[in-house]
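Colleague: Provided below are the primary sequence and the corresponding predicted coordinates.
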Amino acid sequence: MTRTPDPATAAVASRLRAAGMVWAEEEAALLLEAARGSDLGGLLDRRLAGEPLECVLGWVDFAGRRLEVGPGVFVPRRRTLLLARAAASLVPPGGVLVELCCGVAPVASYAAGQAGEVHVSDIDATALECAVRNVPDASVHLGDLYDALPSHLAGRVDVIAANAPYVPTRELPTMPREARDHEPAVALDGGADGVGIQRRVAAGAPALLRPGGVLLVETSAAQAQLTAAAMSAVGLATEALRDEDLDATVVLGRAP
């Protein structure tokens, strides 16, 4: 038997559905829950304006964890679970994990229990404010890729994980409105072929990785060969990981 939504949920869902929201009933229920003691009208207006639901709610469900997000940050996608699982499986107990381009730090949040030392870094201070709360035991660094990290990590890192931007610049206008208008371009734009920042990530990895340590980079299936080539160019042995259910691709590069 289908349960009839209560009048408040039905009213909010009607407005969401009229604006083209596919999961209107589910979103309505979440907005009503989030609005307890606050302004439902304000939350609804933000959602109807195209702001990602997760930013309106203040959290995103990532592998069963509620990670804090906020306006203007990159919202972790479900596909990044492949990157997180790989990092958690490859960092040894008590090992050193670095999440570059961390955003709100979904990978570190997922794998922190396995690692003994966790570092997260990003160029976006707003996202790092969320990362601090999502991974309270991590060392948090603001800056451009490896420039943000302390020198004592050189040659000690077991796993570097990076969901670096990989959308080709020319494709940014074709992205969904939620991403195009409400997420920072710096978290999306990967340059002419989408692999520009990945090449920089690969270039700096050997200096940090211990012998046998790994670099993990989320990418697209179409760009995986370019991602692997960037790692091979700096002496890393590469392997592609693929999860069809998540529609996710990660390239692994292992230090000699």
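Modeller: Yep, that arrived.
Colleague: would you state the strands of this structure in chain order?
Modeller: Remark: strands assigned in the chain by DSSP state E are 59-62, 65-68, 96-100, 117-122, 139-142, 157-162, 209-219, 237-243, 248-254.
Colleague: in CSV: the ones you listed, plus mean neighbour count, distance to Glu51 and mean pLDDT.
Modeller: For the C-beta atoms, the positions are set from N, CA and C on the backbone; glycine is no exception. Below are the strands of the chain laid out as CSV (neighbours: other C-beta atoms under 10 Å; distance: least, C-beta to C-beta, whole Å; pLDDT from 0 to 100):
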stretch, mean neighbour count, distance to Glu51, mean pLDDT
strand 59-62, 20, 13, 96
strand 65-68, 16, 16, 95
strand 96-100, 28, 25, 98
strand 117-122, 25, 21, 98
strand 139-142, 16, 25, 98
strand 157-162, 27, 26, 98
strand 209-219, 22, 24, 98
strand 237-243, 15, 29, 98
strand 248-254, 23, 25, 98
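Colleague: output those as TSV; include the columns distance to Gln225.
Modeller: Formatted as TSV, those follow (distance: least, C-beta to C-beta, whole Å):
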stretch	distance to Gln225
strand 59-62	28
strand 65-68	31
strand 96-100	21
strand 117-122	27
strand 139-142	31
strand 157-162	18
strand 209-219	9
strand 237-243	9
strand 248-254	9
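Colleague: please identify which of those strands is closest to Ser109.
Modeller: strand 65-68 (6.0 Å; C-beta to C-beta).
Colleague: hmm, who's touching that closest one?
Modeller: Residues from elsewhere that reach strand 65-68 (C-beta atoms under 8 Å, 6 or more residues apart in numbering): 58-61, 76, 104-106, 109-110, 130, 133-134.
Colleague: write the PyMOL selection for whichever of the residues you listed are buried.
Modeller: Buried subset of the contacts of strand 65-68, written as a PyMOL selection, criterion 16 or more other C-beta atoms under 10 Å:
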select buried, resi 59+60+76+104+105+106+109+110+130+134
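Colleague: now, the contacts of strand 65-68 that are in helices?
Modeller: Among the contacts of strand 65-68, DSSP state H puts Pro106, Ser109, Tyr110, Cys130, Arg133, Asn134 in helices.
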